[in-house]
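K.L.:
Quick one, fold the following:
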Amino acid sequence: MGEFDAEIYDIVRQIPPGRVVTYGQLARLAQRPRWARRAGRALANAPEGLPCHRVVNSSGRLAPGWPAQRELLEREGVTFRRNGCVDLSKHLWEEIAPIA
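P.N.:
Got it, this is the predicted structure:
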């Protein structure tokens, strides 16, 4: 595991239940603003127990091929719009500080 992956995992561990962050937010918080796709790859290889279900794309869309993600988020009280995307206006977590 690389340093970037470790930073991403540290940030994801901080996301509280009922909140989500975007891949772009993760990349910015890890001080690599153009690495959103790379953040996604890090999460694809994440250790067991990491709350990766709390990460969505910039539109609130869920990860393709992971049907359990929606169920996990709904259990935490996350609501969705009619188009199937997370309602980011209610659930986007913006209270996180960048990693130093």
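K.L.:
Go ahead and name everything in contact with stretch 36-46.
P.N.:
The contact list for stretch 36-46 (CB atoms under 8 Å, 6 or more residues apart in numbering) reads 1, 4-5, 8-9, 12, 22-24, 26-27, 30, 32, 50, 52, 55, 58, 63. Backbone N, C-alpha and C define where each C-beta goes, glycine included.
K.L.:
Enumerate the positions of it that are buried.
P.N.:
Using 16 or more other CB atoms under 10 Å as the test for burial, stretch 36-46 gives 36, 38-40, 42-43, 46.
K.L.:
For this structure, give me the ranges with low pLDDT.
P.N.:
1, 95-100 (pLDDT under 70).
K.L.:
mind checking the longest helix of it?
P.N.:
Identified as the longest helix of the chain according to DSSP state H is helix 3-14.
K.L.:
Which is the succeeding secondary structure element to it?
P.N.:
Using DSSP states H and E, the helix or strand that directly follows helix 3-14 along the chain is strand 21-22.
K.L.:
and the residue of the chain most remote from its centre, how far is that from Glu74?
P.N.:
Distance from the centre of the chain peaks at Arg82, with 20.5 Å (CA atoms, centre = their mean). Using CB to CB, to the nearest Å, Arg82 is found at 15 Å from Glu74.
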